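Q: when you get a sec, could you give me coordinates for this:
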Amino acid sequence: MFEGMPVYEPQLILDFGEWIRIIQYSGKARTIRRQSLSLVSDVSASQDAQQIQTYLRDISQYTSDNPEEEAFLKREMEQLTLVHPESVLSRYLNRQAIEPRTPGTDSIIFPFRFNLSQKAALENALTSSISVIEGPPGTGKTQTIMNIIANLVAVQGKSVAVVSNNITLHGCVPGQPGQ
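A: Reported below is the predicted structural model:
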């Protein structure tokens, strides 16, 4: 993994001590510092995990509302080639409990307005490996998600990708269409 992203099927990895050179089959090459590279194993290799993944892939084809369109989840499942050992999916596939994270909640910021329910949702999102924000229209889901993103980026220094097939989420990222 390089900067948290997998390096798929490198043709050659050259070790120069503090520096590593990765050469892809496409011919693309990059030189990186050793400390920015980490080796992780694909935890979906066990027979048990593969059976669960096969089942999930099989049922994912039935998640589309329109039978004429390929299901979004099916496409995503087919593209899944690596399961990171620290991911929620890894814990699920290997039948392990999802461990709570323990970052301090004393440094949480609230740059967008919130109520007590939204505060609890934010604290839960920052201390859990997985969190679902749901509710009827007008209950502050977008503000809650914006506060989560602000804390992950500004306080914890993480990179965040907001991915959804729901157009409402475009309002969560300033300057994006739909705001």
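Q: so residue 130 sits in a strand?
A: No - with DSSP: H, G, I helix; E, B strand; the rest coil as the criterion, residue 130 is located in coil rather than a strand.
Q: residue 87 versus that one, what's the distance?
A: In this view, residue 130 and residue 87 are 10 Å apart by CB to CB, to the nearest Å. Just so you know, the C-beta spots here come from the backbone N, C-alpha and C atoms, and that holds for glycine as well.
Q: kindly report the same for residue 132.
A: Per CB to CB, residue 132 is found 17 Å from residue 87.
Q: more crowded one of the two?
A: residue 87 (14 against 8; other CB atoms under 10 Å).
Q: who's in contact with the more buried one?
A: Not one residue lies near residue 87 by CB atoms under 8 Å, 6 or more residues apart in numbering.
Q: which strands and helices sit next to the worst-scoring helix or strand of the chain on mean pLDDT?
A: Between all helices and strands in the chain, the lowest mean by mean pLDDT, DSSP states H and E belongs to helix 72-79, at a mean of 84. With contacts taken as 3 or more CB pairs under 8 Å, 6 or more residues apart in numbering; DSSP states H and E, helix 72-79 sits against helix 47-60.
Q: taking helix 72-79 as reference, get the angle to the helix it packs on.
A: Orientation check (axes from the mean of the first three to the mean of the last three CA atoms, to 10 degrees): helix 47-60 against helix 72-79 gives 150 degrees.
Q: centre of the chain to helix 47-60, how far?
A: How far helix 47-60 lies from its chain's middle: 20 Å, per CA atoms, centre = their mean, to the nearest Å.
Q: stretch 36-44 now?
A: Relative to the chain's own centre, stretch 36-44 is displaced by 15 Å; criterion: CA atoms, centre = their mean.
Q: how long is it from one end to the other?
A: For stretch 36-44, the first-to-last residue distance is 24 Å (CA to CA, to the nearest Å).
Q: hmm, residue 91 and residue 97 touching each other?
A: Yes - using CB atoms under 8 Å, residue 97 is in contact with residue 91, at 7.0 Å.
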